[in-house]
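Visitor: my questions are about this predicted structure, shown below with the sequence.
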Amino acid sequence: MMESTIFKTDTPPWELLLLGDESPDSVADYIDRGDCYVALIEGRTVGVCMTIRTHPFTLEIVNLAVDPAFQRRGIGGDLIFHVLRKAREEGLRRIEIATANVENGPLHLYRSFGFEPVELERNYFPKYYPAPIIEGGVECCDLVRLRMEL
């Protein structure tokens, strides 16, 4: 298993952000408002995690993506661990994340870290995205918001 190095960057990798959020308008909305962490393997950017502060003591992971050639190698988990550690160091009390309500997609990963579903928004993806979003072979319709208390 290759070891990844994670660090904060001021130049978010658009191509990876668009893997995690297929709407350029959505990415453009938060790209300058948060912190971007990247995972590198042998100098290549293979993962990204974008966070923004949404409320006092609350951080939201607004984008998490791993290059398809490097998926299922623990890189997404490494990025989540890094963000959780940084949030605790900064005295934050809550982390939030939202994803499609598709069990074989990222939802399973987030639950494995202890994120708990707190809200379901029906027909979110058809309403806000012009083309269907497919995750794990399933069309995404509903958005689930998850939360973890630190």
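Guide: Yes, it's here. Note that this is a predicted model, so its numbers are computed, not measured.
Visitor: could you use CA atoms for every contact and neighbour count after this?
Guide: Noted.
Visitor: mind giving me the packing neighbours of the helix or strand where Ile95 lies?
Guide: Using DSSP states H and E, Ile95 sits in strand 94-100. Other elements packing on strand 94-100 under the criterion 3 or more CA pairs under 8 Å, 6 or more residues apart in numbering; DSSP states H and E are strand 58-66, helix 106-112, strand 143-149.
Visitor: for the chain, what helix or strand is lowest in average pLDDT?
Guide: Scoring the helices and strands of the chain by mean pLDDT, DSSP states H and E places strand 134-135 at the bottom, with a mean of 86.
Visitor: which outside residues touch the helix or strand just after that one?
Guide: Counting by DSSP H and E, the next helix or strand C-terminal to strand 134-135 is strand 138-139. By CA atoms under 8 Å, 6 or more residues apart in numbering, the surrounding residues in contact with strand 138-139 are 102, 132-133.
Visitor: most neighbours out of those, which is it?
Guide: Val102 (20 neighbours; other CA atoms under 10 Å).
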